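K.L.:
build me a model:
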Amino acid sequence: MRVLGRYLGNELTLGVAMILMALIAIAYFVTFASEMGHVGERDFTTTTAVFYVLLKMPRIVHEMLPVALLIGGMFAFGGLAASNELTIMRATGASVLGLLWKLRKMGYLLLLVAIINMEWVVPYAEKSAKVMKATALHQSIVEFSGEAFWLKDGDYFVRMDTVGNDGAVAGVEWMEIPEAGELSRFSYAERAHHKMGQWNMEKIRTTLLTGTEAQSEELEAMSHKSSISGDFVRLASRTPDDLSTLDLFYYSRFLERSGIDSNRYWHTFWERIAAPFTLLVMVILALPFSVTEGRSLTAGKRVVLGAMLGIGIYLVNRVLLNTGEIYHLNPVVTAFAVPLLALTLALWLIRKRGL
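P.N.:
Numbering: from 1, shown residues only. The predicted structure is shown next:
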């Protein structure tokens, strides 16, 4: 039985690896072609484009892995069915679910690799790619000190704790330094919003420094002009791809407490939670299709069928997730709906066909 489990695992690993490499190659050249328009602009060279796209690949792997599992699983299991190897395995008394159980060690390893990529590799690669491109194009970069974002706005140095996608800022400090080393005013606002070329602040504490004296006052609202654009402020918003799952959880809760829209971050958080479950579902779905259709389909037809099914599931899932973000649907429902439907389909096929 251990030999059988290793054999099935090797076949599945080979099939998934082949399909995943093909998908990555296609995604790389498509992404590279889209970046070629920047080549020659400022310091953005062909080499920059090559390394920038390489840094985008971990995210592509994260998104394409469920599709690769389904297509690769159908390719591998279908090949075994076509050569009657699956029939012989089942003749020994092994059921489809029993065959899946023999793949558990390979599944544990796959989940470990996927989680490492999702939790550590993707956030680091996405941030590095963003900085590389902005530096090459001489674009302004909002500095992140590890706890807050910093930028310069005219005579002000601005420190922002949290920035939402809409430009809303929670916990923002302004330090007015008209001449180097000369602090003349310090202000703190619980909330602020950059709109129409000015900062609109709420619940402000401001301190004016004049010689050896300091005058403080508290205001409910205040506005002052800004020399930067709202788009530049929004650069400081931490995108979900920059964060690990645990950071997403804490960041989403912090946005809620700060009164900033956290819907996008909660949807990404629950999508991450559902990702390992989705991988398992793709393997379960591949096997009943392979057992029943494997002997009647060529390898090419199995790949086409798997591609249509896998890409269809991927697109439906993305549409549902994006719809959930737009209409503020329950993120748990939108994240698990498609995987649960796919699992229901797989179990129904297994039961209906007596597998």
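K.L.:
all helices for the stretch 251-355 of the chain, in order.
P.N.:
Assigned by DSSP state H, counting those that start in this stretch, the stretch 251-355 of the chain shows helices spanning 263-293, 299-327, 331-352.
K.L.:
point out the most buried one among those helices.
P.N.:
Stretch with highest mean neighbour count among the helices of the stretch 251-355 of the chain: helix 263-293 (a mean of 22; mean count of other C-beta atoms under 10 Å). No exception for glycine: its C-beta is placed from N, CA and C like everyone else's.
K.L.:
show me what that one is packed against.
P.N.:
helix 46-82, helix 85-91, helix 96-102, helix 104-116, helix 245-257, helix 299-327, helix 331-352 (3 or more C-beta pairs under 8 Å, 6 or more residues apart in numbering; DSSP states H and E).
K.L.:
how about a cut-off of 6 Å?
P.N.:
helix 46-82, helix 245-257, helix 299-327, helix 331-352 (3 or more C-beta pairs under 6 Å, 6 or more residues apart in numbering; DSSP states H and E).
K.L.:
with adjacent residues omitted, what lies nearest to residue 262?
P.N.:
residue 255 (3.7 Å; C-beta to C-beta, 6 or more residues apart in numbering).
K.L.:
relative to residue 249, how far out is that neighbour?
P.N.:
Here residue 255 is placed at a distance of 11 Å from residue 249 (C-beta to C-beta, to the nearest Å).
K.L.:
mind checking which of these two has more residues around it?
P.N.:
Shown here are residue 255 and residue 249; by other C-beta atoms under 10 Å, residue 255 has more neighbours (24 against 17).
K.L.:
let me know the pLDDT of that one.
P.N.:
Looking at residue 255, its pLDDT is 80.
K.L.:
surely it is in contact with residue 264?
P.N.:
No - contact criterion C-beta atoms under 6 Å: residue 255 and residue 264 do not qualify, at 9.4 Å.
K.L.:
quick one on the thing from earlier: dump the helices of the stretch 251-355 of the chain into CSV; add distance to residue 242 as well.
P.N.:
Shown next, in CSV, are those (distance: least, C-beta to C-beta, whole Å):
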stretch, distance to residue 242
helix 263-293, 11
helix 299-327, 17
helix 331-352, 19
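K.L.:
nearest to residue 225, of those helices?
P.N.:
helix 263-293 (29.8 Å; C-beta to C-beta).
K.L.:
report the angle between that closest one and helix 299-327.
P.N.:
Angle between the axes of helix 263-293 and helix 299-327 is 160 degrees (criterion: axes from the mean of the first three to the mean of the last three C-alpha atoms, to 10 degrees).
K.L.:
what angle separates helix 263-293 from helix 104-116?
P.N.:
150 degrees.
K.L.:
please state the offset of helix 263-293 from the chain centre?
P.N.:
Relative to its chain's centre, helix 263-293 lies at 15 Å (C-alpha atoms, centre = their mean, to the nearest Å).
K.L.:
any idea how the chain splits into domains?
P.N.:
Following automatic domain parsing, one finds the domains of the chain at 2-138+257-352, 143-234.
K.L.:
buried stuff in stretch 103-116?
P.N.:
For stretch 103-116, the neighbour count (16 or more other C-beta atoms under 10 Å) marks 103, 106, 107, 110, 114 as buried.
K.L.:
could you find the closest non-adjacent residue to residue 102?
P.N.:
Excluding the flanking residues, the one nearest residue 102 by C-beta to C-beta, 6+ apart is residue 5, at 3.7 Å.
K.L.:
how far away is the one you found from residue 106?
P.N.:
Distance from residue 5 to residue 106, by C-beta to C-beta: 8 Å.
K.L.:
kindly report the same for residue 245.
P.N.:
Residue 245 is 23 Å from residue 106, where distance means C-beta to C-beta.
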